[in-house]
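Build the 3D model from these lines:
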Amino acid sequence: MELFALTYSRAIILVAFLLLFGFTALVGWWIFLAPTDSTPEAAYIRGVSVDGYAKVYEGTQKGERSAVFLGPPAGDPKALVHGPGLTLKAGSQVSVSHFMEGLADGRVVGKDGKSCGVCLYGVKQGMTPIGTWNLTDKQSVDVRTGRLAALEVTVVCEGRT
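Residues are numbered from 1 along each chain as shown. From the prediction side, this is the model:
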């Protein structure tokens, strides 16, 4: 039985091991859960919400940070979008791609004091959303048929284009 007896030196080693293991686990947990994008665009987009819609995607492409929201079709989607200091005005209604159209835009001041442009886009009726949004098959069909609306909010700040 003396083999498993807890001596002072074994207690010190055990405590050191537990502290090291706990510290390593804590650092790993922080790295895993910490926000990976600290750009002004990412900081701003985290504060954006759309009434009655769920955020289903967030990502960065060419310096622009975008978030995609799914919800019921709305007559005036720009009235549903909220963000710090954000006021959207009707956009030019131009097509930005074969499946997206511009709905509204606005300007805000990011946390770092730089001016940021915010644009609201919608998926055109009858079009299928892009695959990188990771929608389910049912969500894609619902967007294409008009049962759901997909709204994309995109942010780009000064000096990032």
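
ok, the residue positioned nearest the centre of the chain to Asp112 distance?
Taking Cα atoms, centre = their mean, the centroid of the chain lies closest to Glu58, which sits 3.2 Å from it. Counting by Cβ to Cβ, to the nearest Å, the gap from Glu58 to Asp112 is 19 Å. (Glycine included, C-beta is placed from N, CA and C.)

Over to Ala54?
Ala54 is 29 Å from Asp112, where distance means Cβ to Cβ.

quick revisit: quickly find the element holding the nearest residue to the residue nearest to the centre of the chain once chain neighbours are set aside.
For Glu58, ignoring the flanking residues on the chain, the nearest one in space by Cβ to Cβ, 6 or more residues apart in numbering is Ala67 at 4.6 Å. Assigned by DSSP states H and E, Ala67 belongs to strand 64-71.

any residues touching the helix or strand just after that strand, and which ones?
Using DSSP H and E, the next helix or strand after strand 64-71 towards the C-terminus is strand 81-82. Strand 81-82 is contacted from outside by Val48, Ser49, Val50, Asp51, Leu88, Ala104, Leu120, Leu151, Val153, using Cβ atoms under 8 Å, 6 or more residues apart in numbering.

Name every strand pairing with strand 81-82 and say which way it goes.
Paired neighbours of strand 81-82 in the sheet (DSSP bridges): strand 49-50 (antiparallel).

hang on, the earlier thing: what about the residue nearest to Glu58, how many residues nearby?
Around Ala67 there are 21 other residues, counting by other Cβ atoms under 10 Å.
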